[in-house]
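Visitor: What follows is a predicted protein model with its sequence.
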Protein chains: 2
Amino acid sequence: MASRILRKLTAEQCLSLLGSVAVGRIVFTDKALPAIRPVNHILDGGAVIIRSHLSGGLARAVGSGRGVVVAYEADAIDPDGRIGWSVVVTGVAHLVADSREVARYEQALHPWVEMTMDCVIRIEPHIVTGYRLVDAAEPVSTP
Amino acid sequence: MASRILRKLTAEQCLSLLGSVAVGRIVFTDKALPAIRPVNHILDGGAVIIRSHLSGGLARAVGSGRGVVVAYEADAIDPDGRIGWSVVVTGVAHLVADSREVARYEQALHPWVEMTMDCVIRIEPHIVTGYRLVDAAEPVSTP
């Protein structure tokens, strides 16, 4: 297996990759423990939009106040070729309160799981980082 | 698209699925922020073993003392068929200190990325949860 290196992506490349996939993972703190859950998302003006249910740990963590800092990760890694990418957005997650915005997001983003998803969460990115896992011999200029 | 439900997995099923893939995501706190990083792993007697570098945020978080609570997640979700699984192990992560153990793990687990990986981290699972995302019409007895 040829050796692999991590090549840093720009924030623009990161958001473009994040928008190219349907599923990511929300990372938050639930009852003082690190928690992570896969979820489907859309991007809206650079923000990550997900849906959840008010009775769950995520909505409890986000609350209705000033929001909480979360991370949102997506990746596509080929375990055979050992190439791929990973993007992490760190930012403040809020419950979307405006009913017109909620309605708009409910139209645009359908939960995959058949359960009540009675809240919409928006993550405003503050830190956007990402890497591409590439063959060390690959030229830097590869698009 | 037929509707999907989440079916809870047993801890044994979770560890079996986790052992069936090479890559997962370590979730920890770095400088008071939620952090997540993809990494390759092996299982050893139910513990998750990963390698890292001492200069990085993960080793700083784990430290050399009593360890820290982390989460480790792996999944395989087909975005077209909308089926798959996700497993989360929550437990205490320690730097492996015993030099014979370190040598054994360095033999068994090779980092994918060409960089110095000078520490081995063991996560002892305390909470193991997982779900399978299935077609709601799928019989419960499916293996």
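Guide: That came through, no problem.
Visitor: Any idea which helix or strand in chain A has the lowest mean pLDDT?
Guide: Ranked by mean pLDDT, DSSP states H and E, the helix or strand of chain A with the weakest confidence is helix A:57-62, at a mean of 86.
Visitor: contacting residues around that one?
Guide: With contacts defined as C-beta atoms under 8 Å, 6 or more residues apart in numbering or on different chains, helix A:57-62 is touched by A:26, A:28-31, A:35, A:37, A:52-53, A:68, A:70, A:93-95, A:119, A:121. (Glycine included, C-beta is placed from N, CA and C.)
Visitor: Using CSV, write out the CA atom coordinates for that helix.
Guide: Taking Å, rounded to 0.1, in the frame of the first residue of the first chain, the C-alpha atoms of helix A:57-62 are listed here in CSV:
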residue,chain,number,x,y,z
GLY,A,57,-30.6,14.4,24.2
LEU,A,58,-29.6,16.6,21.3
ALA,A,59,-32.5,19.1,21.8
ARG,A,60,-31.9,19.0,25.5
ALA,A,61,-28.3,19.9,25.0
VAL,A,62,-29.1,22.6,22.5
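Visitor: in it, what counts as buried?
Guide: Neighbour-count burial for helix A:57-62 flags A:57-59, A:61-62 (criterion: 16 or more other C-beta atoms under 10 Å in any protein chain shown).
Visitor: now, which of those sits nearest residue A:135?
Guide: Closest to residue A:135 out of those is residue A:58 (37.3 Å), distances taken as C-beta to C-beta.
Visitor: Counting by contacts, list what the lengthiest strand in chain A packs against.
Guide: In chain A, with assignment by DSSP state E, the single longest strand is strand A:119-135. Identification of packing neighbours for strand A:119-135 by 3 or more C-beta pairs under 8 Å, 6 or more residues apart in numbering or on different chains; DSSP states H and E yields strand A:4-8, helix A:11-19, strand A:47-52, helix A:57-62, strand A:68-78, strand A:83-95, helix A:99-108.
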